[in-house]
Structure formats: C-alpha cells, structure tokens
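Colleague: 3D, please:
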Amino acid sequence: MLGLDRKPVVMSVKNGSARRKGPWSHAEIERLKRSYGMRSDAQLARDLRRTLESVRRMARRVFHGEPRSGSWTHKEIRDLKNYLGAAPIETIALILRRAQGDVLRKVAELRSQHIAGAWSASELQTLKRLYGTRADADLALILSRGEEEIHAKARELCLAKDKAFTHRYQTARRTRMPRWTVEEVQRLSALYPVRSNLDIARELRRSVKSVVSKAHDLGLHKNDERLREMGRENVRQRYAGARGAVATVPR
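Modeller: Numbers count the residues shown, from 1 in each chain. Prediction:
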C-alpha cells in the first residue's frame with residue numbers, strides 16, 4: 001500500500017554521497033516510524049540517505065489515518081509527553097492524528113496540572129531518561145512538576161544536559177566542566193569498583209554522565225560484590241515501584 005520495494009535504487013550525487021531513490025523498503029519505513037519526532041527531519045534524511053522532501057512525504061503517508069477527536073486516552077497522553085520537547089507541535093499532531101489545536105489545548109491542560117510531594121520511582125526514571133535531551137520547561141509539563149523542582153531534583157541526582165542538546169538549544173554562555181585532575185582520576189579509580197555512580201558524582205561534584213564517561217575511558221568496572229548489590233537494588237526498586245514507593249536507587 002505504501003509502494004514498498006526490497007531494493008531501492010541508489011543515486012550518486014556530485015559530492016560523493018548518495019541518496020536512495022525510488023520505493024521505500026520495509027526496513028526504511030520501520031526505522032522512520034521509530035525515529036520520527038525524536039530526530040529532526042534533516043537528521044532522518046541523512047540517516048536514511050533520502051531527500052528531506054522524501055522523508056516528509058513518507059511520514060505523511062505512514063501516519064495518515066482517521067483523525068482522532070474527543071477524549072484523550074491514557075496512551076495518547078503518554079505518547080504526547082514522550083514527544084514534548086523533542087518534536088514541534090505540527091509533528092506531534094501528525095503522529096497522534098490530532099488537530100494541532102487539539103494538541104495545544106491538551107498541552108495547556110498539562111500546564112495547569114501539578115504534582116506535589118515525594119517523587120515516585122517511575123517519575124525518577126523518566127527524569128533520568130529525558131533530562132539530558134529536554135528543556136526543564138518541557139520536563140515540567142511531562143512530569144507535572146515545577147521547573148525549580150525539576151532543577152533541584154536533577155542537581156540532587158547529579159544529572160546533566162547532553163552536549164548536543166546544550167550546543168543546539170542553550171543560548172546563554174556555557175560553563176565547561178573542569179578537566180579531571182590527577183587526584184580526581186585516582187579517586188575515581190579507587191571508588192568506581194565499589195561505590196554507586198551517584199555517590200561518586202556527589203563526592204567529586206560532577207554529573208553521573210561525566211563519571212560514567214570517564215570510567216569508560218579509563219576501562220574501569222564494578223567489582224563482583226558491587227554488581228551483586230546493584231542486582232539486589234534493582235529488585236528492591238521494582239518491588240517498591242509495584243507498591244507505589246518513592247525511593248530512588250543509585251547506580
């Protein structure tokens with residue numbers, strides 16, 4: 001129905017790169033479905049070696065369907081939150097098959113909601129997953145928390161924005177993390193095998209992402225006892241989540 005072909009034609013262009021031409025393969029369409037809205041149209045065009053117009057045209061065909069109206073389902077709201085801050089409203093409307101006005105009204109409704117009190121395990125997991133790639137204002141909508149609360153919790157968990165996000169969206173002057181000193185590297189080498197990444201990040205005043213990245217560069221690993229403890233912590237976290245508990249588990 002979508003005009004698929006197992007072997008798309010490849011056309012070379014003058015600068016030595018290539019663009020696929022002709023019907024889309026099943027694999028290309030599945031990749032588009034997974035990534036559309038999470039990556040820009042230009043990025044997808046590069047990844048798929050298709051023209052920008054080809055990507056947009058196929059997206060309109062893939063997400064075409066009976067327009068939705070009326071009450072929002074829990075899944076639709078969950079999907080909306082998943083795309084907030086990652087895709088423009090018109091893209092979200094296309095994916096959800098909702099009118100843009102309908103999407104904007106739901107976003108306004110989310111803005112009026114606010115959760116107070118302790119954070120649930122699910123909220124903390126969402127914050128950790130999205131913090132690096134979303135603005136605090138978008139996270140406030142997604143989690144129904146105030147921006148100050150988002151910022152405070154991120155600081156508590158030693159979270160940091162991804163470099164690509166910072167380069168793309170942060171207009172204020174960026175503060176670079178200081179280079180690792182010899183003493184810090186020695187301390188990291190001693191602590192990493194036996195302590196949680198969050199504990200180490202707090203002690204060294206760095207983000208968890210920075211700790212993990214440096215440990216990877218140094219070839220450091222958790223020791224067997226720490227791995228076993230992490231396994232026990234994961235079990236406790238899942239059990240706590242099932243009971244609606246609010247504790248967080250450091251890594």
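Colleague: Quick one: list the elements packing against the host helix or strand of residue 234.
Modeller: Residue 234 is part of helix 224-242, with elements assigned from DSSP states H and E. Packing partners of helix 224-242 (3 or more CB pairs under 8 Å, 6 or more residues apart in numbering; DSSP states H and E): helix 121-130. All C-beta spots, glycine's among them, are computed from the backbone N, C-alpha and C.
Colleague: isn't residue 86 right next to residue 38, touching?
Modeller: Yes - with contact defined as CB atoms under 8 Å, residue 86 reaches residue 38; the gap is 5.4 Å.
Colleague: okay, the residue nearest the centre of the chain: pLDDT?
Modeller: Among the residues of the chain, the one closest to the centroid is residue 130, at 4.1 Å (CA atoms, centre = their mean). Predicted confidence (pLDDT) at residue 130: the value is 95.
Colleague: ok, it touching residue 139?
Modeller: Yes - using CB under 8 Å, residue 130 makes contact with residue 139 at a distance of 6.3 Å.
Colleague: Need the overlap of contacts for the two.
Modeller: residue 85 (CB atoms under 8 Å, 6 or more residues apart in numbering).
Colleague: Tell me how the chain divides into domains.
Modeller: For the chain, automatic domain parsing gives the domain ranges 9-62, 74-111, 121-167, 182-242.
Colleague: what about the third one, distance to the chain center?
Modeller: It stands for domain 121-167. 10 Å (CA atoms, centre = their mean, to the nearest Å).
Colleague: what ranges do the helices span in the stretch 51-200 of the chain?
Modeller: Assigned by DSSP state H, counting those that start in this stretch, the stretch 51-200 of the chain shows helices spanning 52-62, 74-83, 89-96, 100-111, 121-130, 136-143, 147-156, 163-169, 182-191, 197-204.
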